[in-house]
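> I would like to see how this sequence folds:
(2 chains)
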Number of protein chains: 2
Amino acid sequence: MTDTFGVRLQERIRSLGPLCVGVDPSRALLEAWGRSDNVDGLEFFALSVLDATRGVAVALKPQVAFFERFGSEGYRVLERLLAECRDADVLVVADAKRGDFRPTNEGYAEAWLSERSPLRADAVTVSPYVGFDALSPLFSLAHETGRGVFVLAATSNDEGRAIQSARTSNDEPVETMVLRTVAEMNRRGEGLGSFGAVLGATRDAPSFDLATLAGPYLVPGVGAQGATSQHVARLFERCPAGTVLVNVARSVLNAGPERSALRDSAQRWRDDLASALA
Amino acid sequence: MTDTFGVRLQERIRSLGPLCVGVDPSRALLEAWGRSDNVDGLEFFALSVLDATRGVAVALKPQVAFFERFGSEGYRVLERLLAECRDADVLVVADAKRGDFRPTNEGYAEAWLSERSPLRADAVTVSPYVGFDALSPLFSLAHETGRGVFVLAATSNDEGRAIQSARTSNDEPVETMVLRTVAEMNRRGEGLGSFGAVLGATRDAPSFDLATLAGPYLVPGVGAQGATSQHVARLFERCPAGTVLVNVARSVLNAGPERSALRDSAQRWRDDLASALA
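Sure thing, here's the model as predicted:
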């Protein structure tokens, strides 16, 4: 791929809108959908979300935990979902929040970003706790294969504040350090970079000029978690068009398994977000 | 299981010694072992480490990233390793460093700590970046099933310092907040708790009295990463016997695939650590 992930995502958002639908096959949601809590229920759920939201959602964000709970069989379902998304030309952000020592991150990079991996996605979420610089194998392979990496900066839950707002030895909050470093990496590249940040919509604006990331944001916290499209629009008001990817999960998925209800729900969120962010 | 993970681990360490062997089937190590970088090589590597170190290592620590890089097929190999460890009565710490929002952590808890999961291990490593309190589904299920959780406090790599030594709003370093909170959770239980911390042996002593954790430590950084058995002994000198589980990976695994060489290497590390920590 010649374009960076950031450029591809930006083009798609400009034409389709900013909606990313979370694929969260938790036990509770499978039950709410009237499905058994097993790999058959998992597969039905995942493929139903893809089918109903195709052409509406610019991306899907499978939550890896809910596949991993079924072990290798759950991963087979995730691999099938990823393959069908590629066929359907739907972008996928694997929400894995991986992060480890540098040599170990080579393993995670291979898993989620290598051209030959059955788990390859367009982008993966990563966690900087073991060290931002330790993530370099993920950044390198993403750059090489035209894929993306979203680094956790500030998550949408209050419980994340203790660590994310702690102050580093430069006296800046951890979340700002993450955003600043992602921005520096993007600015060393060309165009809209492949490196993004996760920033919850429930947050106040951090002490970093969000318009200067030079890469995409992945934004959780909208819908069931309390933030509205207007919160997103305010938080990212000065960011370039096509750089804000907004995840909605429960508020779409609660529509249940019926295709048209699910699609209508996604469509309403897409339109609402597109109009607020226009 | 009636005993907590902490109690079981402590008994085993007292009889067998403190050595945990890392199962790190990276591309580089498979090559060094003369094996192909595929699932057959992966399986050979993992089962060889178990076979050679049985009765010497008290636990194995498979690095999940190196299985995940082969997708569902890699996870099938991990499931086989976990089953064979159960049969051989060898403890397993799944080094997954998972951590997410609270509802998502229910998925990770099911994956690694539920009695019915093919990936169930004796303990799992977790990352607190998305919120220490968000980890509660993992703590709850571990408590219920007699399993353990090791929370990343201070890792053995320098790259981890920026976040791990940042200061929270209570003006304590993040690593201290993690250690203190784990200790508080253990003290609410009975005996040696199920909740441990990852603390690199390459570290200076943190501003927390390590002897008061009331749970086990998982200690990376020994061998190839530079720390010696004497570093470990000094860092944990006041901790109760049987509470320090020391991981050695490359320095054992570099012995290669030949059973007796691998076993001798593990034996030397076990004896060296046992004598330093006695």
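> Do a quick rundown of the strands in the stretch 151-278 of chain A.
For the stretch 151-278 of chain A, strands defined by DSSP state E, counting those that start in this stretch occupy the ranges A:195-199, A:217-219, A:244-248.
> Which of these sits closest to B:S275?
strand A:195-199 (46.4 Å; C-beta to C-beta). For the C-beta atoms, the positions are set from N, CA and C on the backbone; glycine is no exception.
> and the closest one, which strands flank it?
Each strand paired with strand A:195-199, and its direction, by DSSP bridges: strand A:148-154 (parallel), strand A:217-219 (parallel).
> if we can go back for a sec, will you turn the strands of the stretch 151-278 of chain A into CSV that also has mean pLDDT, distance to B:R8 and mean neighbour count?
Below are those laid out as CSV (pLDDT from 0 to 100; distance: least, C-beta to C-beta, whole Å; neighbours: other C-beta atoms under 10 Å in any protein chain shown):
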stretch, mean pLDDT, distance to B:R8, mean neighbour count
strand A:195-199, 97, 37, 28
strand A:217-219, 98, 40, 26
strand A:244-248, 98, 40, 28
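> which one of those strands lies closest to B:V182?
Judging the strands of the stretch 151-278 of chain A by C-beta to C-beta, what sits closest to B:V182 is strand A:195-199, at 25.5 Å.
> how far does that closest one sit from the chain's center?
Distance, stretch centre to chain centre, for strand A:195-199: 8 Å (C-alpha atoms, centre = their mean, to the nearest Å).
> Now do that strand and strand A:244-248, the angle between them.
Strand A:195-199 and strand A:244-248 meet at an angle of 50 degrees, taking axes from the mean of the first three to the mean of the last three C-alpha atoms, to 10 degrees as the criterion.
> Could you check how many residues crowd around A:D51?
13 (other C-beta atoms under 10 Å in any protein chain shown).
> was I right about it contacting A:R259?
Yes: between A:D51 and A:R259 there is a contact at 6.6 Å, judged by C-beta atoms under 8 Å.
> From A:F208, how far out is A:A233?
The spacing between A:A233 and A:F208, counted by C-beta to C-beta, to the nearest Å, is 18 Å.
> try A:S26
In terms of C-beta to C-beta, A:S26 sits 32 Å off from A:F208.
> Pick the most deeply packed of the strands paired with strand A:195-199.
Sort the strands paired with strand A:195-199 by mean neighbour count, taking mean count of other C-beta atoms under 10 Å in any protein chain shown, and strand A:148-154 sits at the top with a mean of 27.
> what's in contact with that one?
Contacts with strand A:148-154, where a contact means C-beta atoms under 8 Å, 6 or more residues apart in numbering or on different chains, come from A:4-6, A:9, A:93, A:97, A:113, A:122-128, A:132, A:135, A:138-139, A:142, A:160, A:164-165, A:175, A:178-179, A:182, A:194-200, A:203, A:206, A:216, A:218, B:129-130.
> do you know which of the strands paired with strand A:195-199 lies nearest B:T155?
Per C-beta to C-beta, nearest to B:T155 of these: strand A:148-154, 16.2 Å.
> which residues does A:P118 contact?
Per C-beta under 8 Å, 6+ apart, neighbours of A:P118: A:E79, A:L82, A:A83, B:G71, B:S72, B:E73.
> How about the backbone phi and psi for it?
Here is the backbone geometry of A:P118 (degrees, to the nearest 10): phi -70, psi -10.
> While we're on it, how confident is the model there?
Here, the pLDDT recorded for A:P118 equals 98.
> repeat for A:E190
56.
> do A:S194 as well
At A:S194, pLDDT is 87.
> Also A:R203?
So, for A:R203, pLDDT stands at 83.
> how about it, phi and psi?
Main-chain dihedrals, A:R203, degrees, to the nearest 10: phi -90, psi 150.
> I'd say A:D95 and A:G22 touch.
Yes: because the distance of 7.5 Å satisfies C-beta under 8 Å, A:D95 is recorded as touching A:G22.
> Return every residue with contacts to both of those two.
A:K61, A:P62, A:Q63.
> Could you report the neighbour count for the residue lying closest to the second one once chain neighbours are set aside?
Meaning A:P62. Once flanking residues are discounted, A:P62 sits nearest to A:V23: 4.1 Å by C-beta to C-beta, 6 or more residues apart in numbering or on different chains. For A:V23, the neighbour count with other C-beta under 10 Å is 28.
> ok, and the closest non-adjacent residue to A:W33?
A:P257 (4.7 Å).
> Please determine how far that neighbour is located from A:A65.
According to C-beta to C-beta, A:P257 and A:A65 sit 21 Å apart.
> quick one: contacts for the residue of the stretch 151-278 of chain A found nearest chain B?
Going by C-beta to the nearest C-beta, chain B is nearest to A:E159 of the stretch 151-278 of chain A, at 2.8 Å. Applying C-beta under 8 Å, 6+ apart to A:E159 gives the contacts B:R102, B:V130, B:G131, B:F132, B:D133, B:A134.
> any idea how far A:D40 is from A:G131?
40 Å.
> I misspoke; the intended subject was A:L50.
16 Å.
> Neighbour count: those two, which is higher?
It is A:L50, of A:L50 and A:D40, that has more neighbours when counted by other C-beta under 10 Å, with 20 against 12.
> what helix or strand does the residue nearest to A:A65 when sequence neighbours are not counted sit in?
Of all residues not flanking A:A65 in the chain, B:G107 sits nearest, at 3.2 Å (C-beta to C-beta, 6+ apart). Assigned by DSSP states H and E, B:G107 belongs to helix B:102-113.
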